[in-house]
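[1] Provide a 3D model corresponding to the input given below.
(chains A, B and C)
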Amino acid sequence: MARATTNPPPSQPIDGATVVGPGIRISGRVTGEEDLHVEGRIDGAIQLSDTLFVAPGGIVAAEVEAHNVVVSGVIVGNVTARDCVTLHTGAKLVGDITAPRLVIADGAAFKGNVRMGGEVAPAREKSRSVARPRPVATGLRGVAAANRGPAAAAAARPARVPPRPAARAQEPSPPPRAPARAADAPRSDDDDTVIVRHAAVPDESRDSGGKFTARSGRPEPKEAAAPAAKAAAKKLPPRARIPKPGKRRVGRR
Amino acid sequence: MASVTSRSSTCVLGPQIAVRGALSGEEDLVVEGRIEGNVALAGHLVVAPGGVVEADLEVSSIEVHGEVRGDIVASRSITIEKGAMVAGNCRAPRVIIHDGAKFDGAVDMDVQLPDGLHRGR
Amino acid sequence: MANTVIGSSIVIDGEITGDEDLVVRGTVKGRVSLRENIFVEDSGVLEANVETATITVHGRVTGDIHATERAELKSNCRVVGDIRSPRVLIADGASFKGTVDMDA
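    Numbers count the residues shown, from 1 in each chain, chains lettered A, B, ... in the order given. As a prediction, the model looks like this:
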């Protein structure tokens, strides 16, 4: 695996943009509507409607709110960006990052939570300290199973693999995915009675949703999986041929 | 009938394979299917684009193209590629997140701050 | 060209310290304490007490100025506050209200 190092932006400031030189220290609140290059030190709070650049020698000990944040130096504080946070090689950030996009280059150092606005349903909310994996493992399973909610409770009773479309879609789990799935919520009731899935049995929803081209993080694959899964829930895929108890009787109209 | 990827002699969990339980090993592993439970691997784990891992992972290094829900502890590096979705906490000396990756959770790298700065976390 | 430039849309509310030149085109409220030169440009607004080596004002300053070398008020500037400096230059057209103390 090649080590990709991204080059930090040049430290020469653009004329007209705001530059805090290396010998300057600002304590207080900085607000503005243009780019800010920090080569010195800012303590306090920064609020920009444009891009904050922290140069390799720059130190920002502040809560940061900006459109973009590009870090080659040090930030200690929570960072909120409306577009993208980029940590270049040599950057150090201690604090939480809230931004729809995040890039961490090899050689950057970061410690904190990341919130991307909820496209991925978090397995659980963790506070600052990172939990040790082993003691949590069984707890995670319990939590994850609880997250799968009524669908899993009903389907897990006969000790089968939980319904694949529901597990993949994570409907009963936290709301961030709810907007894309609000229409699917009632489908859980159908899953209770219909779905019998075996892990080795391919089903249509998995085929359509599992292809790599669909997994680009865009909403389309989820939407494509939803109607496909919905169709699969209504009728069994042709390959399965697993008779549903009490639902289909041969020769009975 | 695991498909052979470009890494020769690597164990591959094919796309129709689902593993539930504790998985451990000392070699590289490519996951194209599904793992639920625990993984302890002294090697390089690749979660392929369609792979889904709902487990806590303890690996030497990991490269995620697919989906991971669970904590990841790596002794060398964690790489989250474009198109991946990771929900959980990551702890490693090196964590690389590419543009287009979806990540929700905490990241813990050893950060040496310059003097005069307290972490306050 | 000075290293540190505070752009015109930037508002700083706090304290600036350092040992570099500073060009203010935006707004600074609080305190400024530098060992070098401060240039307050036309759009610059300084509502702060200033301690510096030299200061050149084209914009607005509200606050006391202590310049260890020189304080220069250009035309069209507006300064309200006391100036303490061994050399003071007030150009024609400058607007100034305060006291001047040239005993450094």
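[2] what's the residue closest to the geometric middle of chain C?
    Nearest to the mean C-alpha position of chain C, by Cα atoms, centre = their mean, lies C:Ile55 at 4.9 Å.
[3] Tell me the pLDDT of the residue of chain C found nearest chain A.
    Nearest residue of chain C to chain A (Cβ to the nearest Cβ) works out as C:Gly14 at 1.0 Å. Backbone N, C-alpha and C define where each C-beta goes, glycine included. We have a pLDDT of 93 for C:Gly14.
[4] Any idea what it is bridged to?
    Applying DSSP bridges to C:Gly14 gives these bridge partners: A:Gly28, C:Gly30.
[5] which residues touch A:Val71?
    Residues near A:Val71 by Cβ atoms under 8 Å, 6 or more residues apart in numbering or on different chains: A:54, A:85-88, A:91-93, A:108.
[6] Now it. Nearest residue, chain neighbours left out?
    Closest residue to A:Val71 apart from its sequence neighbours, by Cβ to Cβ, 6 or more residues apart in numbering or on different chains: A:Ala91 at 4.1 Å.
[7] got a list of what that neighbour touches?
    A:Ala91 sits next to A:8, A:54, A:71-75, A:105, A:108-110 when contact means Cβ under 8 Å, 6+ apart.
[8] now do A:Ala45
    For A:Ala45, the contact set (Cβ under 8 Å, 6+ apart) comprises A:28-30, A:62-65.
[9] try it again with 6 Å
    A:Ala45 makes contact with A:29, A:62-63, according to Cβ atoms under 6 Å, 6 or more residues apart in numbering or on different chains.
[10] Including distance to chain C, neighbour count and pLDDT, could the residues you listed go into a markdown table?
    Formatted as a markdown table, the contacts of A:Ala45 follow (distance: Cβ to the nearest Cβ, whole Å; neighbours: other Cβ atoms under 10 Å in any protein chain shown; pLDDT from 0 to 100):
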| residue | distance to chain C | neighbour count | pLDDT |
| --- | --- | --- | --- |
| A:Arg29 | 4 | 18 | 93 |
| A:Ala62 | 10 | 26 | 93 |
| A:Glu63 | 13 | 18 | 95 |
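[11] those strands in chain C, which residues are they?
    In chain C, the strands defined using DSSP state E lie at C:4-6, C:11-18, C:22-24, C:27-34, C:37-40, C:45-57, C:60-62, C:65-73, C:78-80, C:83-84, C:88-90, C:95-97, C:100-101.
[12] Okay, now the unreliable bits of the chain?
    Using chain A. Within chain A, the ranges that satisfy pLDDT under 70 run A:1-16, A:118-253.
[13] My question was about chain C, not that one.
    C:1-2, C:104.
[14] count of residues packed around the residue lying closest to A:Val38 once chain neighbours are set aside?
    Spatial nearest neighbour of A:Val38, chain neighbours left out: A:Gly58 (3.9 Å); criterion: Cβ to Cβ, 6+ apart. Counted with other Cβ atoms under 10 Å in any protein chain shown, the neighbours of A:Gly58 add up to 24.
[15] quick one: contacts for A:Gly58?
    Taking Cβ under 6 Å, 6+ apart, we find A:Gly58 in contact with A:38-39, A:73.
[16] In strands only, show me the residues you listed.
    Taking DSSP E as the definition of strands, those contribute A:Val38.
[17] Could you dump the contacts of A:Gly58 into TSV and include distance to C:Ser95?
    As requested, those are arranged in TSV below (distance: Cβ to Cβ, whole Å):
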residue	distance to C:Ser95
A:Val38	34
A:Glu39	35
A:Gly73	41
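[18] Columns neighbour count on top of the contacts of A:Gly58, output as CSV?
    Listed next are the contacts of A:Gly58 as CSV, based on neighbours: other Cβ atoms under 10 Å in any protein chain shown:
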residue, neighbour count
A:Val38, 28
A:Glu39, 23
A:Gly73, 24
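[19] partner residues bridging the residue lying closest to the residue nearest to the centre of chain C once chain neighbours are set aside?
    Sequence neighbours aside, C:Ile38 is the residue nearest to C:Ile55 in space, at 4.5 Å (criterion: Cβ to Cβ, 6+ apart). Residues in a beta bridge with C:Ile38, per DSSP bridges, are C:Leu22, C:Ile55.
[20] is it true that C:Val5 touches A:Gly21?
    No - between C:Val5 and A:Gly21 there is no contact under Cβ atoms under 6 Å: 8.5 Å.
[21] These two - which one has more neighbours?
    Taking C:Val5 and A:Gly21 together and counting by other Cβ under 10 Å, C:Val5 has the greater number of neighbours (26 against 23).
[22] ok, the nearest residue to the more buried one once chain neighbours are set aside - how many residues close by?
    Take C:Val5 and drop its neighbours on the chain: the residue closest to it by Cβ to Cβ, 6+ apart is C:Val23, 4.6 Å away. Counted with other Cβ under 10 Å, residues neighbouring C:Val23 total 22.
[23] State whether C:Val23 and C:Phe39 are indeed in contact, as I suppose.
    Yes - counting by Cβ under 6 Å, C:Val23 does reach C:Phe39; the two are 4.7 Å apart.
[24] contacting residues for residue 69?
    Chain wasn't specified; assuming chain A. With Cβ under 6 Å, 6+ apart, A:Val69 has these contacts: A:52, A:79, A:81, A:85.
[25] actually it's chain C I care about, not the one you picked
    C:53-54 are the contacts of C:Glu69 under Cβ under 6 Å, 6+ apart.
[26] from the contacts of A:Ala45, which is closest to B:Leu113?
    Within those, distances to B:Leu113 taken as Cβ to Cβ reach their minimum at A:Ala62, with 14.4 Å.
[27] after the helix or strand where the closest one lies, next one along is what?
    Following DSSP states H and E, the helix or strand that holds A:Ala62 is strand A:59-71. As assigned by DSSP H and E, the chain's next helix or strand after strand A:59-71 is strand A:74-76.
[28] Nice, that's everything, thank you.
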